[in-house]
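# Quick check, what structure comes out for this input:
(2 chains)
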Amino acid sequence: MNEDKKIGILDEKTYSNQIHLIGRVGSALLLMFMLGIPFVIGTVYDCMPKFSWLIQPSIALLAMMGPTSVSEVLGYAPVLGSGNYIAFITGNIMNLKLPAAISAHALAGVQPNTPEGDAVGTMAIAISSIITVIICAIGVLVFIPMQPILTSAAFKTASNYLVHALMGSMILNTFGKGKGKTVIKNKLMLPLVAIAMSVAGVLLIPKFSSYQGYAMLVAIVITIGWAYLLYKKGVVKVVNRDEK
Amino acid sequence: MSYLDIANSGLTYTLVAVALSVMLGLCVVFYVKTRKRALELGISKEVLNKVNRSTILFTIVPSLTIVVGLFAMSAMIGTAWSWFRLSVVGSVSYELMAAQTTVASLDIADTATADGSVFVAVMFVMSIGALVGPTLSAILTKPVTQNLQKAGAQNNGFSPIMNACFMLAIMSVIIPIRVSTGGLVGLMVILTAVLLSMLIDKIASKGVAWLGQFNMPICLLVGMLSSLVWAKLLG
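Predicted coordinates:
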């Protein structure tokens, strides 16, 4: 029995090492393309910009994006698992990759931060990325005929509320009981402190949305601490689905 | 060569197409590997196909909005580089800001008349500014996920609760922010999508199980469409 378990753990470790290696190679390839394409074009057309042209705007952007990226990588990793690699390679995390993972977890009845959740969530992120790349390619091909529809006032209004519609459709999956054999009793108690913190942030801190990445990290730590307290007091616990 | 000549050159299109083909290949490798793993872990083919159908359907609409971004960006940096940036890494808001920051720092009034080296500078700066996310993800994802999974796998009653906390915390932060940025219309769109998802869930549990897998795509589409009504009534 112990031997079987040991083999299982080794297998999980082997798979985990492989998927992380693929992710790291993919990230390295992306970085190579991001810097390699401008380098090749600048060299071939003999129009390489002066180094000094790049310094000021690059520092400004790195200063602005860097801290947010750090908190986002750390904040999303527990939910996206190894899908974090493709999510950060293909972008659009908030409006595509995160909902893809959450929806996949709910449909498969698995939890994030478990081997099953990691596999199913990453699979959904991968298929979502494939579809986006294909649709963008089609968009380039049918650029002109699609323009009137996609730039219409109605489409513009609807797309302004895309993230709101997504949030709404994710609420049940996140805060609901889920489809697993067990449920968390009093689950809705868990996010109370994080919600209170976020509402206070929105009301008291100007442009709170620009601190979203940091707020997510703080909220994760606070929620786990609060959950542990509730668990120790017996307020929240894992019970069988049919248990009242 | 001028800014726009290079932006729309055959070489730029070719390099972008090659890069995107490689990235597409990477996604396919991830898909095949994780699907195989999910099957090994005992998740049925039917469940995985259900996940695929739902994900594909709900990806279409947000992807169309990315194509809209392509239109917006192509005027400034050409179609080819916009195509690359929006297919990988970027979001329209960041990309436009990065391009504008570069052009402004070089004191260029009109990119249409600018030199090709300005376009290459824009490409470099957009890339450098976006390096942090993928680089840190490459460095940190493995230790973070492996350690958290180890902690979450401990055989105690708290582990499943801790695993649920991550998503609850993220959503607890995002929802108030989105409500605050979308105004009353945004709030009504969120409520429309929530109520519809609850209704669909109820119907699915009453014997129309197939409807459950389309819950998210339906709510996304109806939620977005409802914004037209709410904007008219409240806007």
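# What's the first helix or strand after the helix or strand containing residue B:39?
Element membership for residue B:39 (DSSP states H and E) is helix B:10-40. As assigned by DSSP H and E, the chain's next helix or strand after helix B:10-40 is helix B:45-77.
# Tell me the helices and strands packed up against the following helix or strand past that next one.
Counting by DSSP H and E, the next helix or strand C-terminal to helix B:45-77 is helix B:79-87. Applying 3 or more C-beta pairs under 8 Å, 6 or more residues apart in numbering or on different chains; DSSP states H and E, one finds that helix B:79-87 contacts helix A:115-141, helix B:10-40, helix B:45-77, helix B:92-105, helix B:116-129. Placement of C-beta: from N, CA and C, glycine included.
# again, only this time at 10 Å
In terms of contacts (3 or more C-beta pairs under 10 Å, 6 or more residues apart in numbering or on different chains; DSSP states H and E), helix B:79-87 is packed against helix A:2-44, helix A:115-141, helix B:3-7, helix B:10-40, helix B:45-77, helix B:92-105, helix B:116-129.
# out of the ones you listed, nearest to residue A:88?
Closest to residue A:88 of these, according to C-beta to C-beta: helix A:2-44, at 7.3 Å.
# do the closest one and chain B meet at all?
Yes. Using C-beta under 10 Å from any C-beta of the partner chain, helix A:2-44 reaches chain B at A:9, A:11-13, A:15-44.
# ok, the lowest-mean-pLDDT helix or strand in chain B near chain A or not?
In chain B, no helix or strand scores lower on mean pLDDT, DSSP states H and E than helix B:92-105, which sits at a mean of 78. Yes. Contact of helix B:92-105 with chain A (C-beta under 10 Å from any C-beta) involves B:92, B:94, B:95, B:97, B:98, B:99, B:100, B:101, B:102, B:103, B:104, B:105.
# That helix: which residues count as buried?
B:92, B:94, B:95, B:96, B:97, B:98, B:99, B:101, B:102, B:103, B:105 (16 or more other C-beta atoms under 10 Å in any protein chain shown).
# same thing with stretch A:221-228?
A:222, A:223, A:224, A:226, A:227.
# Enumerate every residue touching the second one.
Taking C-beta atoms under 10 Å, 6 or more residues apart in numbering or on different chains as the criterion, residue A:223 is in contact with A:190-195, A:197, B:161-162, B:164-170, B:172-173.
# again, only this time at 7 Å
Neighbour list for residue A:223: A:190, A:191, A:193, A:194, B:165, B:168, B:169 [criterion: C-beta atoms under 7 Å, 6 or more residues apart in numbering or on different chains].
# Over to the first one?
Applying C-beta under 7 Å, 6+ apart, we find residue A:222 in contact with A:193, A:194, A:197.
# Helix A:115-141 and the lengthiest helix in chain B, what's the angle between them?
Longest helix of chain B, by residue count under DSSP state H: helix B:159-205. Here the directions of helix B:159-205 and helix A:115-141 differ by 60 degrees (axes from the mean of the first three to the mean of the last three C-alpha atoms, to 10 degrees).
# Helix B:159-205 near chain A anywhere?
Yes. Judged by C-beta under 7 Å from any C-beta of the partner chain, helix B:159-205 and chain A are in contact via B:160-178, B:180-182, B:185-186, B:189-194, B:197-198, B:201.
# from the buried residues of stretch A:221-228, which is closest to residue B:62?
The closest of the buried residues of stretch A:221-228, once distances to residue B:62 are taken by C-beta to C-beta, is residue A:223, at 26.9 Å.
# Make CSV out of the buried residues of stretch A:221-228 and add distance to residue A:168, secondary structure and pLDDT.
Formatted as CSV, the buried residues of stretch A:221-228 follow (distance: C-beta to C-beta, whole Å; DSSP: H, G, I helix; E, B strand; the rest coil; pLDDT from 0 to 100):
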residue, distance to residue A:168, secondary structure, pLDDT
A:222, 24, helix, 95
A:223, 21, helix, 95
A:224, 26, helix, 94
A:226, 25, helix, 97
A:227, 25, helix, 95
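# ok, the residues you listed vs chain B, which is closest?
The shortest gap between chain B and any of the buried residues of stretch A:221-228 belongs to residue A:223, at 4.0 Å (C-beta to the nearest C-beta).
# who touches the residue lying closest to the closest one once chain neighbours are set aside in this structure?
Distance criterion C-beta to C-beta, 6 or more residues apart in numbering or on different chains; nearest residue to residue A:223, sequence neighbours excluded, is residue B:169 at 4.0 Å. Residue B:169 is in contact with A:191, A:194, A:216, A:219, A:220, A:223, counting by C-beta under 7 Å, 6+ apart.
# mind checking how far residue B:134 is from residue A:88?
Separation of residue B:134 from residue A:88 (C-beta to C-beta, to the nearest Å) stands at 5 Å.
# The two: which has the busier surroundings?
Remark: of residue B:134 and residue A:88, residue A:88 carries more neighbours, 31 against 28, as counted by other C-beta atoms under 10 Å in any protein chain shown.
# Please give me every residue in contact with the more buried one.
Contacts of residue A:88 by C-beta under 7 Å, 6+ apart are A:73, B:133, B:134, B:137.
# ditto for residue A:205
residue A:211.
# Ramachandran coordinates for the spatially most central residue of chain A?
The centroid of chain A falls nearest to residue A:98 when counting by C-alpha atoms, centre = their mean (4.0 Å). Here is the backbone geometry of residue A:98 (degrees, to the nearest 10): phi -60, psi -50.
# Check what pLDDT it gets.
Residue A:98 is assigned 91 on the pLDDT scale.
# Can you give the distance from the helix-or-strand element of chain A with minimal mean pLDDT to the centre of its chain?
Ranking every helix and strand in chain A by mean pLDDT, DSSP H and E puts helix A:143-150 at the bottom, with a mean of 76. Mean-position distance between helix A:143-150 and its chain equals 30 Å (C-alpha atoms, centre = their mean, to the nearest Å).
# How about residue B:175: what's its closest non-neighbour residue?
Distances taken as C-beta to C-beta, 6+ apart put residue A:167 closest to residue B:175, at 5.7 Å, once the chain neighbours are dropped.
# hmm, back to that, now flag whichever of the buried residues of stretch A:221-228 is closest to residue A:161.
Comparing the buried residues of stretch A:221-228 against residue A:161 with C-beta to C-beta places residue A:223 closest, at 27.2 Å.
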